[in-house]
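K.L.:
What follows is a predicted structure for the sequence shown.
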Amino acid sequence: MRGRVYKVKNFRTIQTEIDLQNNLKPPSLEHPFGTDNLGRDVFARVIHAAKIDLGISLVIVGLSAIIGIAIGLISGYYGGIADKITVCLIDIFLALPELILALVIVGALGPGLFNSALALVALGWVRYARIVRGSVMSIKERQFVEVSKAAGVDDFNLILKH
């Protein structure tokens with residue numbers, strides 16, 4: 001038995017076309033996820049929305065990683081008061097439930113995609129900073145870092161290369 005091949009002429013028409021004759025149909029070969037109350041194909045709508053969702057999630061994870069890595073590098077390498085403040089902030093953020101804190105931030109800033117993304121970035125950097133800080137603290141005491149310092153390599157290039 002050969003599988004059926006579906007050719008879609010216009011994907012956008014399938015997801016926005018209202019067909020009240022096919023409303024609330026269960027999943028079938030023609031509509032793998034069924035149809036909604038207006039007869040639109042749910043699978044087509046999910047595929048269309050996935051592009052936006054993946055883009056937003058990549059931006060949130062990317063910004064969180066950049067901010068967390070930068071904070072972890074500075075905190076772990078220089079130590080002192082910056083390290084103590086960073087460790088206190090990390091402990092505070094890790095002690096609180098992340099999703100509830102994100103909802104509080106969105107509630108304070110107002111609804112919207114930008115505010116939601118901002119709240120998730122504000123909470124997502126913590127894990128990256130903690131991991132990078134610990135790695136930097138263990139590496140900065142090694143012999144090759146001491147040799148680089150003795151050779152006169154400045155802090156920026158030392159952090160960047162090692």
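P.N.:
Thanks, I have the structure now.

K.L.:
longest single helix anywhere in the protein?
P.N.:
helix 42-78 (DSSP state H).

K.L.:
lowest-confidence helix or strand of this structure?
P.N.:
Scoring the helices and strands of the chain by mean pLDDT, DSSP states H and E places helix 11-16 at the bottom, with a mean of 59.

K.L.:
Now the longest helix of the chain: buried residues?
P.N.:
The neighbour-count check on helix 42-78 (16 or more other CB atoms under 10 Å) flags 42-45, 60, 63-65, 67-69, 71-77 as buried. The way it works is simple: take the backbone N, C-alpha and C, and place the C-beta from them, glycine included.

K.L.:
Check stretch 111-118 too.
P.N.:
N115, S116, A117, L118.

K.L.:
Of those, which is the nearest to V87?
P.N.:
Nearest to V87 among the buried residues of stretch 111-118 is L118, at 23.8 Å by CB to CB.

K.L.:
Check the offset of stretch 47-67 from the chain's centre.
P.N.:
Distance, stretch centre to chain centre, for stretch 47-67: 6 Å (CA atoms, centre = their mean, to the nearest Å).

K.L.:
need the contact list for the residue most central in space within the chain.
P.N.:
The residue lying closest to the centre of the chain (CA atoms, centre = their mean) is V61, at 2.7 Å. Contacts for V61 were tallied using CB atoms under 8 Å, 6 or more residues apart in numbering; they are G124.

K.L.:
Against G72, how distant is it?
P.N.:
The spacing between V61 and G72, counted by CB to CB, to the nearest Å, is 16 Å.
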